[in-house]
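*Asks:* generate coordinates for the sequence data below:
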Amino acid sequence: MALLVSIATLVGCSADRLPAAEQGPASTTEHTAQTTDTDSPSPRLSGDAAGPPPTPPDEASSAAFAIDLTAPGRPIDDRVFGTNVPAWLGPDTLASDWFRTALAESGATTIRMPGGSWSTVYGWSACERRLDDGCIWEGAARPSDFAALLSASGLHGIWTVSPNETAQSAAAVVSFFNGDRDDDTVIGVDRNGVDWGTVADWAGLRAEGGHTEPVRVAMWEVGNEVYGARQSTGGGDCAPFGWEEAWTCDGAEYVTGNELHDGYLDIRAEMLAVDPTIEVGAVGVREPSSWGDWGNEVLEAADGEIDFYIVHHYAYDQPPDIADASRAATQWPDVVADAREGLPDDVPLAITEYNLVAFEAGDTTQTMTKVGNALFIADTLGRLASAGVPIANQWNLANGTTESGTDYGLVSADGSVRFPQFHALATWAGRGPTLLEVDRGDQGDEVEVYATQRADGTLALIAIHFSDDVTSVPIVLEGAPAADGTMRVTAHVGENADAEQFAQAVITDDAFGSGALEVELGPWSINLIELRFDG
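*Replies:* Here you go, the predicted model:
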């Protein structure tokens, strides 16, 4: 028999993406801690006797979300569930128990460092050695602080080297994280006459910071949004509103370099010379012909020497209506299709920054700290996984309050608040490694369902509800075992899309019929539905 589970309503990166206290470097209003309305109704469960027998799957599928359990699924690359950790948070924050607990409980799999536009001006070796000249801010986190975070968390790492660095400097930072202390490979003298020594020299510096063994970073970027270079640094052809302190805004020049600067190809070659197992990504754009034909120029000049292609996407320049914001993830199929135009099939797409609003100054209503943004993040993850995007990083784990009062973080910079979007990433942490196809039938657009399967056969469904009502969602499991099963539902429910917190998670348990079930979703909710077959 089908079971009706009802989740009742519980009432109750660019430089302009920087915390106000650190504006110059680069990215809330204060929120109260999450509370629970103890007078809210409890979720109601109705057993098998609550309704008529379930409609057979072949008759119900056109009116339900249908999941064919006999069809092969495909693996989800876990690097798509990433976030960013910026250096301006400082060593104490990165080492704190609350920060590491938040990182672990967020479900993030990958951390990108050292932070957006900061990467362009971050002197990694000066910061590591605490030199007065060359480190953007004396309180910035050092490479050894990131190494400690990677070592403690076991997560994948992405490091963004500055396009203003020499190729030898970039090779040295690879040596810092990945090198062995007995590796006498010579890095050599750069075009500015600086001798960068050997791999062992930089591995030894890492050991001085407490890490005798490599703390490996496998993915590397050359630059952050280089196409947005300032005219003062990149020349008069750059956009007058540019924000990156990069030396060029020309795509071909970024790749090949010039008489004064090393380009992507030289930097990549030197990095691979000290560790040929790494992947080095090139900065791209969503539409290849935009930003002065940047994408086309990069792809042509690189001639296939790209390990992954980097795109950043913020859904809106200015904050939208919060209900519209929750559905902004419907943009992703077009974004991915545009970005892959002209991209060789064997070059992966990496969305290493995404969030809702590009310009923090306009987000005076703090839409990024509301339930609507959480739904956007949750749906984004499903759409990127469905599109086969292997790498994606939400901007960012913790950020700080910007001048407009908004916050790009999953958590506040002092750890006192977990914003609604934290629960979007954390809900996806309950996924399985295999993505299953979902036939939406004639369902409307108020609900999205993503189906995954764990190694033990358990189905883990992510259901996202974009509406202020309570809705009943029929789900048909085609090819399900004859045995009935057990169901566990965890739901984060918002009073409305503009709410600053979800109500405390609703958790229900019961049984379900093998062929069909219904789940009643609360308004503005993110739901993890776990289905395990008995017998």
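*Asks:* got the contact list for stretch 121-138?
*Replies:* 22, 25, 87-88, 114-115, 118, 140-144, 161-162, 164, 169, 172-173, 176, 205, 209, 245 (CB atoms under 8 Å, 6 or more residues apart in numbering). C-beta coordinates here come from the backbone N, C-alpha and C atoms, glycine included.
*Asks:* list the buried residues for it?
*Replies:* 121-128, 135-137 (16 or more other CB atoms under 10 Å).
*Asks:* next: stretch 199-217.
*Replies:* 199-206, 209, 211, 214-217.
*Asks:* lowest average confidence, helix or strand, in this protein?
*Replies:* Least confident helix or strand, the chain: strand 44-46 with a mean of 26, by mean pLDDT, DSSP states H and E.
*Asks:* can you give me the strands in the stretch 51-200 of the chain?
*Replies:* Applying DSSP state E, counting those that start in this stretch to the stretch 51-200 of the chain gives strands spanning 65-68, 74-75, 82-84, 110-113, 156-161.
*Asks:* the third one pairs with which strands, and in what direction?
*Replies:* Looking back up the chat, that one is strand 82-84. Each strand paired with strand 82-84, and its direction, by DSSP bridges: strand 110-113 (parallel), strand 391-394 (parallel).
*Asks:* I'd like these as TSV, with mean neighbour count and distance to Val226 appended.
*Replies:* Shown next, in TSV, are those (neighbours: other CB atoms under 10 Å; distance: least, CB to CB, whole Å):
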stretch	mean neighbour count	distance to Val226
strand 110-113	26	16
strand 391-394	26	17
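*Asks:* can you put those in JSON lines and add distance to Val357?
*Replies:* As requested, the strands paired with strand 82-84 are exported to JSON lines (distance: least, CB to CB, whole Å):
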{"stretch": "strand 110-113", "distance to Val357": "19"}
{"stretch": "strand 391-394", "distance to Val357": "13"}
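*Asks:* what's the separation between Glu503 and Pro420?
*Replies:* Careful, residue 503 is Ala; it's not Glu. 11 Å (CB to CB, to the nearest Å).
*Asks:* ignore the last one, Asp321
*Replies:* Asp321 is 17 Å from Pro420, by CB to CB.
*Asks:* how about Arg431?
*Replies:* 19 Å.
*Asks:* ok, the two, which is more surrounded?
*Replies:* Taking neighbours as other CB atoms under 10 Å, Arg431 and Pro420 compare with Pro420 leading, 27 against 24.
*Asks:* right, and the more buried one touches Ala497 too?
*Replies:* No - counting by CB atoms under 8 Å, Pro420 does not reach Ala497; the two are 9.7 Å apart.
*Asks:* Trp247 contacts Ser232, doesn't it?
*Replies:* No - counting by CB under 8 Å, Ser232 is not a contact partner of Trp247; they are 10.8 Å apart.
*Asks:* higher neighbour count, those two?
*Replies:* Neighbours were tallied for Trp247 and for Ser232 using other CB under 10 Å; the higher tally belongs to Trp247 (24 against 10).
*Asks:* what's the neighbour count on the residue nearest to the more buried one when sequence neighbours are not counted?
*Replies:* Nearest residue to Trp247 in three dimensions, chain neighbours excluded: His261, at 5.1 Å (CB to CB, 6 or more residues apart in numbering). A total of 20 residues lie near His261 under the criterion other CB under 10 Å.
*Asks:* coming back round to it: take the strands paired with strand 82-84 and write them to a markdown table, including mean pLDDT and distance to Val280.
*Replies:* Shown next, in a markdown table, are the strands paired with strand 82-84 (pLDDT from 0 to 100; distance: least, CB to CB, whole Å):
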| stretch | mean pLDDT | distance to Val280 |
| --- | --- | --- |
| strand 110-113 | 98 | 14 |
| strand 391-394 | 98 | 13 |
